[in-house]
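Visitor: build the 3D model from these lines:
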Amino acid sequence: MKKVLIITIAIISFSGISQTQYQKGMQKALDLWGENKPNEAVNLFERIATADPDEWLSPFYVSYITTIQGFGEKDAAKLKTQMDKALEYLNKAKAISKDNPELLILDALWHTVWVAYDGATYGMKYGGKVSMIYQEALRLAPDNPRVIMNNAEWNIGSAKFFGNSIEPYCNNIQRSIELFEDYKPAGEFYPKGGLERAKNMLVENCK
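Guide: Below is the predicted model of the structure:
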């Protein structure tokens, strides 16, 4: 009985230490990103993903940061390398966390990078897919402000490209802002940003 108690305490203690290391690592990586050191942040998130293969957030952030860096990249070879890596870690996160609206947002952004890079080539190829991904995200999380905001941003970009009115999407941006005010992420280190971006979108597009 004493041996069982000692083993139990040891397991609990080890789990506590492991969790603390994970939390410290995640916070450090997020801090690096906040300090405008995305490459250092990605490297640390990759190490965390290797050490904690059952956690979806570390591969999510590897993919998210790498995807965001893809916007504005002009070099085709460099962009492909970045986006291949982003897709690899997105798929790792998807394998861990099913039906996750945050991963659907990221999936849509991944495709949007290619549309932004070459609309003539990738607009027809990925445009419909992006819209479908956002519809699925809205089905799963209809009150998630990040889903609503990103979907509105995509729709505004599409409307501008085709010369259509963006007014129908202004209400969605306003709704996302209202939801952001009371938004509480589902867990520690979950994505939560977007309020300031939504406010800027409203000012820039819905004056």
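Visitor: quick one: end-to-end length of stretch 46-66, please.
Guide: 12 Å (Cα to Cα, to the nearest Å).
Visitor: pLDDT averaged over it, what's the number?
Guide: The pLDDT scores in stretch 46-66 average 97.
Visitor: got the buried residues for it?
Guide: Within stretch 46-66, the residues that qualify as buried by neighbour count (16 or more other Cβ atoms under 10 Å) are 46, 48-49, 52, 55-66. Quick note: C-beta positions are derived from backbone N, CA and C, even for glycine.
Visitor: pull the most distant pair out of those residues.
Guide: Using Cβ to Cβ, the buried residues of stretch 46-66 span at most 18.9 Å, a distance reached by 52 and 66.
Visitor: buried ones in stretch 31-47?
Guide: If you call a residue buried by 16+ other Cβ under 10 Å, then stretch 31-47 has these buried ones: 32-33, 41-42, 44-46.
Visitor: the residues you listed into CSV, with extra columns for secondary structure?
Guide: Listed next are the buried residues of stretch 31-47 as CSV, based on DSSP: H, G, I helix; E, B strand; the rest coil:
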residue, secondary structure
32, helix
33, helix
41, helix
42, helix
44, helix
45, helix
46, helix
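Visitor: any idea which of the residues you listed is closest to residue 143?
Guide: residue 33 (26.5 Å).
Visitor: spit out the contact partners of that closest one.
Guide: Applying Cβ atoms under 8 Å, 6 or more residues apart in numbering, we find residue 33 in contact with 41, 61, 65.
Visitor: and residue 133, by the same measure?
Guide: 104, 107-108, 111.
Visitor: now stretch 167-175: average pLDDT?
Guide: Averaged over stretch 167-175, pLDDT sits at 94.
Visitor: list the contacts for residue 177?
Guide: If you count contacts by Cβ under 8 Å, 6+ apart, then residue 177 has 145, 195, 198-199, 202 around it.
Visitor: residue 113 too?
Guide: Applying Cβ under 8 Å, 6+ apart to residue 113 gives the contacts 67, 70-71, 79, 83.
Visitor: and it, what helix or strand is that in?
Guide: helix 101-117 (DSSP states H and E).
Visitor: please tell me how far that helix is from the chain's geometric centre.
Guide: Distance of helix 101-117 from the chain centroid (Cα atoms, centre = their mean, to the nearest Å) equals 9 Å.
Visitor: I'd like the average pLDDT over that helix.
Guide: Mean per-residue pLDDT for helix 101-117: 97.
Visitor: now the contacts of residue 133 as JSON lines including neighbour count?
Guide: Shown next, in JSON lines, are these (neighbours: other Cβ atoms under 10 Å):
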{"residue": "104", "neighbour count": "24"}
{"residue": "107", "neighbour count": "24"}
{"residue": "108", "neighbour count": "23"}
{"residue": "111", "neighbour count": "20"}
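Visitor: at which residues are the helices of this protein located?
Guide: For the chain, the helices defined by DSSP state H cover 2-34, 38-51, 57-70, 76-96, 101-117, 119-140, 145-162, 170-181, 195-205.
Visitor: so which of those gets nearest residue 187?
Guide: Residue 187 lies closest to helix 57-70 among the helices of the chain, at 8.2 Å (Cβ to Cβ).
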